[in-house]
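Trainee: Predicted model and sequence follow; I will ask about them next.
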Amino acid sequence: MKKYLIVGGSTGIGFQLVKSLVEEGHEAIVVSRTFGNLNEILDVQYISYNVTSDEQFSLDEEIIDGFVYCPGSINLKPFQRIKPEEFVNDFELNVLGAIRVLQCVLPALKESDQASVVSFGTVAVQQGMEFTLATDITRRSASLAINTVWM
């Protein structure tokens with residue numbers, strides 16, 4: 001049995017991941033702003049936390065075998081219509097949110113024999129699709145930060 005920390009695991013893809021992990025016998029700790037659909041799953045630990053808040057994240061776990069960051073935004077607009085504050089908001093959620101939690105969790109990840117880190121993105125980052133510049137920039141930044149720290 002492994003122990004996973006899933007940020008944004010109360011709805012959507014994150015929720016389905018939590019559900020699968022618990023069904024396979026693993027322990028899941030869900031960090032999310034809302035409880036969402038978690039009442040459908042028994043034996044899941046929930047931590048209420050908003051990754052865009054200034055509040056420091058804390059976790060009292062000695063070993064974490066996997067960290068999954070599911071939150072994200074997609075800002076579909078042509079470059080000329082994206083306001084600077086929209087770039088800042090996307091960066092706050094997609095990059096700084098992941099960094100806030102990862103900085104806290106990193107020591108527990110390093111205690112695991114085979115820890116892994118996953119951050120969900122979008123194919124737009126790889127493809128350079130029209131109207132996805134804000135998302136591309138922040139998702140690439142998040143991947144770079146996580147890969148650099150984790151390597």
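Mentor: Great, that's in hand.
Trainee: And the lowest mean pLDDT element among the helices and strands of this structure?
Mentor: Lowest by mean pLDDT, DSSP states H and E among the helices and strands of the chain is helix 123-127, with a mean of 56.
Trainee: For residue 131, give me its contacts.
Mentor: Neighbour list for residue 131: 76, 77, 78 [criterion: CB atoms under 8 Å, 6 or more residues apart in numbering]. Where you see a C-beta, it was placed from the backbone N, CA and C, and this is true even at glycine.
Trainee: hey, where'd the strands end up in the chain?
Mentor: Assigned by DSSP state E, the strands in the chain fall at 3-7, 27-32, 44-48, 66-69, 116-119.
Trainee: now those strands as TSV including mean pLDDT?
Mentor: Converted to TSV, these look like this (pLDDT from 0 to 100):
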stretch	mean pLDDT
strand 3-7	98
strand 27-32	98
strand 44-48	96
strand 66-69	94
strand 116-119	88
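Trainee: Check what contacts stretch 91-109 and list those residues.
Mentor: 5, 7, 31, 49, 51-52, 56-59, 61-65, 67, 69, 71-73, 115, 117, 119, 135, 137-139, 141-142, 145-146, 149.
Trainee: any idea how far residue 117 is from residue 9?
Mentor: 15 Å (CB to CB, to the nearest Å).
Trainee: The two: which is more packed in?
Mentor: residue 9 (30 against 19; other CB atoms under 10 Å).
Trainee: my guess is the more buried one contacts residue 30, does it?
Mentor: Yes: judged on CB atoms under 8 Å, residue 9 makes contact with residue 30 at a distance of 3.9 Å.
Trainee: Now list whatever residues contact both of those two.
Mentor: In contact with both residue 9 and residue 30: 18, 38, using CB under 8 Å, 6+ apart.
Trainee: What are the buried residues along stretch 101-113?
Mentor: For stretch 101-113, the neighbour count (16 or more other CB atoms under 10 Å) marks 101, 102, 105, 106, 108, 109, 112 as buried.
Trainee: Which ones among the residues you listed lie within helices?
Mentor: Taking DSSP state H as the definition of helices, the buried residues of stretch 101-113 contribute 101, 102, 105, 106, 108, 109.
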